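1. After the sequence you'll find the predicted model.
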Amino acid sequence: QNAIIRALPAVETLGSVTTICSDKTGTLTKNEMSLVAWVTSNARYKVDTDSTERSNKNFARDDTYMAERADHTKMMKTRDLLKAGPGVSTHDRFGKKEQDFPYTMRGSVIDRNLASDHGKKATEAATKDESGEPDNFPVGAGESPELSFFRQGLAGGVLCSKCTLGKDGGREGEIGNPTELSILRASYWGGVEVNEMKDASPIIAEVPFSSEYKFMATVHNPTAENDGEGKDDKLIIHVKGAPDRMIPLCNKQFKAGMLNETEDVDRDYWIEQIAVLSSHGLRCLALLRGEIDKSAVNEGDQLGPEFVQDKGEWLTIVGVCAIMDPPRPECVDAVSEANGAGVRVAMITGDHKDTALAIGCMLGLVDEKHSSAITGPELDAMGDEEIKGAVQKYNVFARASPQNKIRIVKALQSQGEVCGMTGDGVNDAPALKAADMGVAMGKEGTDVAREASKMILADDNFATIVVAVREGRVVWDNLRKVLLVNTPINNAQGMSVLFGLVCGLPDTPLTAIQVLYCNLICAVTLGFVTAVEPAEDGIMNVPPRRVGKRLIGRYLFLRIALGTVTLVACTVGSTFWARSLYMDGATEEDDHYKDTVLPLMRSQASNTLTFGACAVTMSARFSYNSAFGMRSFYGNKFAWYSLAIVAVLQVAITYIPGLNSVIFGMGPMHAEQWGIAAMFSFVVFCVMELEKGVRRSLLAKGADVGDSEYGFFDEEPTPDQDITLPKGASHLNLTTLNN
């Protein structure tokens, strides 16, 4: 299951976890920057980032995809939104600041006229034709354009790049900036032969990227496939850069993203698209084209930014790439499952607040109760009591530092939460140590983080944590089931002898060797059955187990007592029944009693007790669900193996001459005795099932029938209210935060 438990007691803690604080990058997300949307002058195309087939169907028109600003930015001015948009990630994984998005729009050069607040109207106008109907050119909603559309549209992202695509479009062997690689990867999975395209149109000259002007430009000879016909006397300029820097240099836009027709650029439209995408935490990259005479540039020329900037408004915008590290699809289901199990999931990241909120929305972390996000600097400005309230109010923590992680853990614990925390870097070790369940990454994590953790994820996947929580509950559940099986059986072995004598039997219904044999065979076989029982239906639909709860609560104690009484009554009762069948007027002093009746009585007692124990086991496999029905025949093959072994051994000790009489003091049973044993076994099974039926009825009325509330023998813990940083933690300032 890809979860490695380093400390065995942590298995018990897993079943009690109430809050999981997870990193974003690589744990909740793919750790792979992906092109998620391609925006043209009249449409947006959603990209299927989970596809495993190369096809143009991976791009589908969806004008509703992130078409409106995120709620928390709807009242912001466009200019302010662009300046505050997602920038360079400051998430420090190994003490090194990641500069993974150099095309950030911070320090925007958009002037007031360009940053219009009428962009929404421009968007609505651009997506409709002259008659006011939705513009279905080149395709309608849900449809995918031909391959040539994306080959030409994304050519700027492919050719204006020094990156190398990984093997088969994957990460193995890829070289270059993750943001630029996302365009190459999307093109590849859309059906474009990326390497052939780059080989057919090599770079003649280039303007290398610089964070000062935030764009890159390359010069290429035209090809019919990439640029259309009739351009043999021109050179094609591909420009890729921060949209706010590029739009002022445009005078045209390609109509609907098609290279055969241009129109005047609609700056309001493009600025609004960028603002909308930025509000959802997406990184935006504009792709543009230009043409110059062939004589204007020679091969190998080293060009400066003035080559692009000093020509005025001369470029034509093709479209805008929206890029993000998307959530793992399995994590969306895992978060939903965790919430259904009463386990809250919080995300702690070093990313921008908008990016964190966008991912949080996709994962289902943002809801009415936890509708916003909070940043690390905001937490730093709070007092202890304010932080305790904040950790309950927010599920998304952005721009978080290692110190923030520790305080979040301690604040949650002060509120009685059992906290799990993920981490991968050296800085995360104190938080992993402080958490009730520290979870380190197996692939990307450091040795220090792994040593500080109690569990390691071999696949660095959040969904694995939820699987581990589920297994932790199964272990606890099965421990209770083992007690429910072994305790009544062990009690009945001794108490059947006691109550047999109390009720008037002149001899013990079971010999010492029979008791020892029953104890051995039931513990080895039947006890093993419930220990390996798979998860029961609904195990993730109940709240986490409370800290300090004993294994045996009042309801489990009542079940054990009921099983004990039923087994003893059936065993002793069957012994008296066998005695009445075969005495034939004899007395206890007669040889007929000692040689025939007593061995048959002990055979009856042994088989009734053992097969009654089998009935208890089959019922105990399901804590709440009825064992009547087909579910008993599936899920645990060892149950039937164990029953077969017990049955064969019981027949053997009952009928093998010498073994039955000399060793066990038993006699070969008659057919009617097997009927008695079967009847009493069924009685035991029905009594245990009836008890479950009563508990299900009480549960429907809201009663605590699962021992979830604290009882007389339970120890209710008192949370530590001190959430100050431990000594030395203030020196973990290895992550620089850009306010």
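-> Right, received. Where do you want to start?
2. Low-confidence bits of the stretch 51-200 of the chain, can you list those?
-> Filtered on pLDDT under 70, the stretch 51-200 of the chain yields the residue ranges 72-76, 79-133.
3. So which residues of it form helices?
-> 78-83, 119-126, 147-153, 155-159, 178-189, 194-200 (DSSP state H, counting those that start in this stretch).
4. Tell me which of these sits most buried.
-> Most buried of the helices of the stretch 51-200 of the chain by mean neighbour count (mean count of other C-beta atoms under 10 Å) is helix 155-159; its value is a mean of 26. Quick note: C-beta positions are derived from backbone N, CA and C, even for glycine.
5. can you tell which of the helices of the stretch 51-200 of the chain is closest to Ser708?
-> For Ser708, the closest of the helices of the stretch 51-200 of the chain is helix 178-189, at 45.9 Å, according to C-beta to C-beta.
6. and the closest one, what does it pack onto?
-> On a contact count with 3 or more C-beta pairs under 8 Å, 6 or more residues apart in numbering; DSSP states H and E, helix 178-189 meets strand 34-39, helix 155-159, helix 194-200, strand 283-293, strand 315-324.
7. Pipe those into TSV and attach distance to Leu558 per row.
-> Output for those, formatted as TSV (distance: least, C-beta to C-beta, whole Å):
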stretch	distance to Leu558
strand 34-39	55
helix 155-159	68
helix 194-200	68
strand 283-293	60
strand 315-324	54
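8. Between those, which one is closest to Pro134.
-> Among the helices and strands packed on helix 178-189, strand 34-39 sits nearest to Pro134 (C-beta to C-beta), with 16.0 Å.
9. If you count contacts, what does that closest one end up packed against?
-> On a contact count with 3+ C-beta pairs under 8 Å, 6+ apart, strand 34-39 meets strand 44-47, helix 178-189, helix 267-279, strand 315-324.
10. how far is the second one from where the chain is centred?
-> Looking back up the chat, that one is helix 178-189. Distance, stretch centre to chain centre, for helix 178-189: 26 Å (C-alpha atoms, centre = their mean, to the nearest Å).
11. Same question for stretch 487-500.
-> That offset, for stretch 487-500, works out to 47 Å (C-alpha atoms, centre = their mean).
12. Going by neighbour count, list what's buried in that stretch.
-> Of the residues in stretch 487-500, 487-493, 495-497, 499-500 count as buried by neighbour count, 16 or more other C-beta atoms under 10 Å.
13. Alpha carbons only: can I get it in PDB?
-> Only the C-alpha atoms of stretch 487-500 are listed here, as PDB (Å, rounded to 0.1, in the frame of the first residue of the first chain):
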ATOM      1  CA  THR A 487     -12.500 -14.000  25.300                       C
ATOM      2  CA  PRO A 488     -15.900 -15.700  25.300                       C
ATOM      3  CA  ILE A 489     -14.300 -19.000  24.000                       C
ATOM      4  CA  ASN A 490     -11.700 -19.000  26.700                       C
ATOM      5  CA  ASN A 491     -14.300 -18.000  29.400                       C
ATOM      6  CA  ALA A 492     -16.600 -20.800  28.200                       C
ATOM      7  CA  GLN A 493     -13.900 -23.500  28.300                       C
ATOM      8  CA  GLY A 494     -13.500 -23.100  32.100                       C
ATOM      9  CA  MET A 495     -17.000 -22.000  33.000                       C
ATOM     10  CA  SER A 496     -18.600 -24.900  31.200                       C
ATOM     11  CA  VAL A 497     -16.800 -27.200  33.600                       C
ATOM     12  CA  LEU A 498     -17.800 -25.100  36.600                       C
ATOM     13  CA  PHE A 499     -21.500 -24.700  35.700                       C
ATOM     14  CA  GLY A 500     -21.700 -28.300  34.600                       C
END
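14. pLDDT on it, on average?
-> Mean per-residue pLDDT for stretch 487-500: 94.
15. Could you do stretch 284-301 as well?
-> Per-residue scores along stretch 284-301 average to 93.
16. mind listing the helices for the stretch 451-600 of the chain?
-> Using DSSP H, counting those that start in this stretch, the helices of the stretch 451-600 of the chain run over residues 462-502, 512-521, 527-531, 554-582, 591-592, 598-620.
17. can I get these in a markdown table with distance to Glu313?
-> Listed next are the helices of the stretch 451-600 of the chain as a markdown table, based on distance: least, C-beta to C-beta, whole Å:
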| stretch | distance to Glu313 |
| --- | --- |
| helix 462-502 | 47 |
| helix 512-521 | 90 |
| helix 527-531 | 75 |
| helix 554-582 | 77 |
| helix 591-592 | 118 |
| helix 598-620 | 79 |
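18. Ile723 is nearest to which of those helices?
-> helix 462-502 (23.7 Å).
19. can you give me how far the closest one is from the chain middle?
-> For helix 462-502, the distance to the chain centre is 30 Å (C-alpha atoms, centre = their mean).
20. And the helices of the stretch 451-600 of the chain: which comes nearest Leu154?
-> Ranking the helices of the stretch 451-600 of the chain by distance to Leu154, with C-beta to C-beta as the measure, places helix 462-502 first at 31.1 Å.
21. spatially speaking, which residue is in the middle of the chain?
-> Centroid-nearest residue in the chain: Ala463, 2.5 Å away (criterion: C-alpha atoms, centre = their mean).
22. From Tyr517, how far off is it?
-> Computed as C-beta to C-beta, to the nearest Å, the Ala463 to Tyr517 distance reads 46 Å.
23. try Tyr582
-> Separation of Tyr582 from Tyr517 (C-beta to C-beta) stands at 23 Å.
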